[in-house]
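Undergrad: Provided below are the primary sequence and the corresponding predicted coordinates.
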Amino acid sequence: MQRVAPDTQLVVPAGGAALYHGAQEIGRLQGQAWEQWDLPRAAGDGFLVNLGNTAPLLGRRQLVVIHDAGVFRTPDAYSWKFRTWYKFMQAWLVRRKVPVVAVSEFSRQEIIRHLRVPPAQVSVMTEGADHALRITPDAGILQKHGFRHGEFVLAVGTLSAHKNLRALDTLARHLASRNIPLVIVGNLGGQAFQTNGAAGLPQPARYIGRVTDGELKALYASAGCFVFPSRYEGFGLPAVEAMACGCPVVAADIPALRETCGTAAHYSDPTQEAIAAKVLEVLDHPGLSARLRQAGPAHTQTMTWDRAAAMLTAIITRYRRPAP
């Protein structure tokens, strides 16, 4: 794994150092106030790398990683406050010629289109999947809920509209008739998202909420199939995590997932009947399931965070200049 360069410092708000090894706590504020006030003051004449879609409006020398154009393409998935702030802030950064980094070529084209940014201002770095291989699986989650190896279907996501979990209704009913649980992992939403709470869950399904990394690794490795019905993504990290763990993946047939998953996933229109048919096809055809179990780890073998770090480092080097 690549290490932080000697002249690089990871900074976090007060109380954040416990979460990130080697991080330095700065300032007294939290959240957006910290990012907009404390962070640029701490950066000074240094080059600031912002990894999470947002950046200080008045930052002097910086770049920002924008993962997707969801606030433009799926506005119904976000609260009005969230999308208003994101649209304003990202448009401001683009006008100030802040370099933008996308996580896929699809996402790059979306950002260019919706933020009207010159193509030369947007670069691409991929994400990695190898972190999933370094996690020790916690099989206790299987015993806790009575899940048997290969005899459940797994979905991971929030109830925000673009994750499209409600499209799993038909699949859930088909699986229930076979006494196979549809297991859903994830947070119900959060302030940024528009959700219907538990009413937005497919029925019948086993919703088990948030789990640890080790528990998620055990679920990936044991599921008969992982289903990812999203109607919009910038990259699709859960799909490649599942693939890296050797789980057969049925993914929505959308551009970002085609780019990310290649030929190692089984694709479906993100509609209820189509998704159900494709998942049942994987469960009912051992040859298809075996092919996907082999194809996933092979496909994700080169999707490493070392590679992602090297790509980002090259981008930073291109834009980083000594302070005047």
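TA: Arrived safely, thanks for sending.
Undergrad: So which residues of the stretch 201-324 of the chain form strands?
TA: Listed in chain order, the strands of the stretch 201-324 of the chain (DSSP state E, counting those that start in this stretch) span 206-209, 225-228, 249-252, 266-268.
Undergrad: for the ones you listed, which one sits closest to residue 61?
TA: strand 225-228 (37.6 Å; C-beta to C-beta). The way it works is simple: take the backbone N, C-alpha and C, and place the C-beta from them, glycine included.
Undergrad: Contacts for that closest one, please.
TA: The contact list for strand 225-228 (C-beta atoms under 8 Å, 6 or more residues apart in numbering) reads 153-157, 168, 171, 220, 236, 238-239, 242, 247-252, 257, 275, 279, 282-283, 289.
Undergrad: Which members of these are classed as buried?
TA: 153-157, 168, 171, 220, 236, 238-239, 242, 247-252, 257, 275, 279, 282-283, 289 (16 or more other C-beta atoms under 10 Å).
Undergrad: Would you mind giving me the confidence score for residue 202?
TA: pLDDT, residue 202: 85.
Undergrad: Helix, strand, or coil at the closest residue to it other than its chain neighbours?
TA: Once flanking residues are discounted, residue 202 sits nearest to residue 168: 3.9 Å by C-beta to C-beta, 6 or more residues apart in numbering. When classified by DSSP: H, G, I helix; E, B strand; the rest coil, residue 168 comes out as helix.
Undergrad: Make 13 the starting number, not 1.
TA: Right, with 13 as the first residue, what we last looked at is residue 180.
Undergrad: Now do the contacts for residue 41.
TA: Contacts of residue 41 by C-beta under 8 Å, 6+ apart are 25, 49-50.
Undergrad: chain center to stretch 78-97, what's the gap?
TA: 15 Å (C-alpha atoms, centre = their mean, to the nearest Å).
Undergrad: err, stretch 106-120, not the other one
TA: For stretch 106-120, the distance to the chain centre is 17 Å (C-alpha atoms, centre = their mean).
Undergrad: How confident was the prediction at the spatially closest residue to residue 103 that is not a sequence neighbour?
TA: Distance criterion C-beta to C-beta, 6+ apart; nearest residue to residue 103, sequence neighbours excluded, is residue 127 at 6.1 Å. Listed pLDDT for residue 127 reads 97.
Undergrad: same thing with the one 10 residues further on?
TA: The score at residue 137 is 97. That number is its pLDDT.
Undergrad: list the contacts for it?
TA: The contact partners of residue 137, by C-beta under 8 Å, 6+ apart, come to 77, 113-115, 320, 323-324, 327.
Undergrad: ChimeraX command for the buried members of those residues?
TA: The following ChimeraX line selects those of those that are buried, judged by 16+ other C-beta under 10 Å:
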select :77,113,114,115,320,324,327
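Undergrad: Compile the contacts of residue 137 into TSV and extend it with columns for pLDDT and distance to residue 71.
TA: TSV is the format used below for these (pLDDT from 0 to 100; distance: C-beta to C-beta, whole Å):
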residue	pLDDT	distance to residue 71
77	98	14
113	98	15
114	98	19
115	98	21
320	97	23
323	97	22
324	97	17
327	96	16
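Undergrad: burial measure for residue 154, as a count.
TA: 18 (other C-beta atoms under 10 Å).
Undergrad: make that residue 292, sorry
TA: Residue 292: 18 surrounding residues under other C-beta under 10 Å.
Undergrad: what's the closest non-adjacent residue to it?
TA: Residue 292 sits nearest to residue 186 (C-beta to C-beta, 6+ apart), 6.1 Å away.
Undergrad: Tell me where the model's unsure across the stretch 63-212 of the chain.
TA: Applying pLDDT under 70 to the stretch 63-212 of the chain picks out residues 200-212.
Undergrad: let's go with 90 and repeat that
TA: 72, 88-89, 169-174, 198-212 (pLDDT under 90).
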